[in-house]
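Asks: Generate a structure from the sequence data that follows.
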Amino acid sequence: MDMEERRSHSQSTTAQTNTPVMNFLFLSGVLALDLVNTEVVVRGKRYDLFSSPGDVARWWQDAITHHPDVEDVRGETQAIVWSLSLLETMKQIRAAIRTLCTNLVEHQPLEQEAFATLNAILAMGYLALELASEQELIPTYRTREAEQGTILLPIVLSAFHLFTRAEKQRLHKCRNHRCILFFYDGTKSATRQWCSLECMNRARSLQHYQSVKKERTDRTAPAQAS
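Replies: This next block holds a predicted model:
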């Protein structure tokens, strides 16, 4: 491990110590958005749930359980190297997807640097034919970067499908202004506004508290003025 890797490892260890133990959230319905949602806000403070390569490994194992239909990307080996380099690349991809989601939700011009980051990952892969039986060929996705491509490509392909094939009006940021989670509304009525019922309840409880506090302030203000 060189000096730069030791410094990054030290920073990751410090961040991991300061980050409370939290479960990964799989509320969005889309693999790419679940990656974005590894940044959360708890009691008004923002936390990054990716503090070490091991965190990425644990998230990926959970992710493929929640997304059994994840795009299968083949490499020369299926062994992913859980390195600091992979951790940083995952964070770069996460930032790019968050940026584009924010652009779309807030009706802003799309930032070219963000989709250039995703295009660089897409360039790792290519379509190929695979023999399923003596008379049947099936399409597969392959990667030139076996150590990282088998995790990076499925995530970016998920973002690719979200941004190019999905109904963009169903992409939302949670209505709770204290929440930073995104989700894709897959409900038939297309009326989902919150990342979860718990988040909705917290937001409404806070709104009620602030409303009651304002009413009390308004009632006491004339008496204080006199």
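
Asks: what's the burial count for residue 182?
Replies: Neighbour count of residue 182, defined by other CB atoms under 10 Å: 25. For glycine as for every other residue, the C-beta is placed from the backbone atoms N, C-alpha and C.

Asks: Need the phi and psi values for the residue nearest the centre of the chain.
Replies: Ranked by distance to the mean C-alpha position of the chain (CA atoms, centre = their mean), the top residue is residue 36 at 1.6 Å. Main-chain dihedrals, residue 36, degrees, to the nearest 10: phi -50, psi -40.

Asks: Identify the spatial nearest neighbour of it, chain neighbours not counted.
Replies: Distance criterion CB to CB, 6 or more residues apart in numbering; nearest residue to residue 36, sequence neighbours excluded, is residue 98 at 4.9 Å.

Asks: What of residue 148?
Replies: Residue 148's closest residue in space is residue 86 (CB to CB, 6+ apart), at 5.4 Å.

Asks: hang on, residue 140 in a strand?
Replies: Yes - according to DSSP: H, G, I helix; E, B strand; the rest coil, residue 140 belongs to a strand.

Asks: Would you quantify the distance from it to residue 130?
Replies: Noted for residue 140: a distance of 4 Å to residue 130, by CB to CB, to the nearest Å.

Asks: Which one's more surrounded, these two?
Replies: With neighbours defined as other CB under 10 Å, residue 140 and residue 130 compare such that residue 140 has more, 15 against 11.

Asks: hmm, back to that, hey, what's in contact with both of residue 140 and residue 130?
Replies: residue 74 (CB atoms under 8 Å, 6 or more residues apart in numbering).

Asks: sorry, back to before: residues in contact with the residue nearest to residue 36?
Replies: Listed by CB under 8 Å, 6+ apart, the contact partners of residue 98 are 36, 39, 182.

Asks: ok, which stretches of the protein are helices?
Replies: Along the chain, counting by DSSP state H, helices occupy 3-18, 31-36, 53-66, 84-105, 112-122, 146-164, 197-225.

Asks: Any figure for the gap between the residue nearest to residue 148 and residue 149?
Replies: 11 Å.

Asks: Can you pick out the residue with more neighbours from the two?
Replies: residue 149 (22 against 19).
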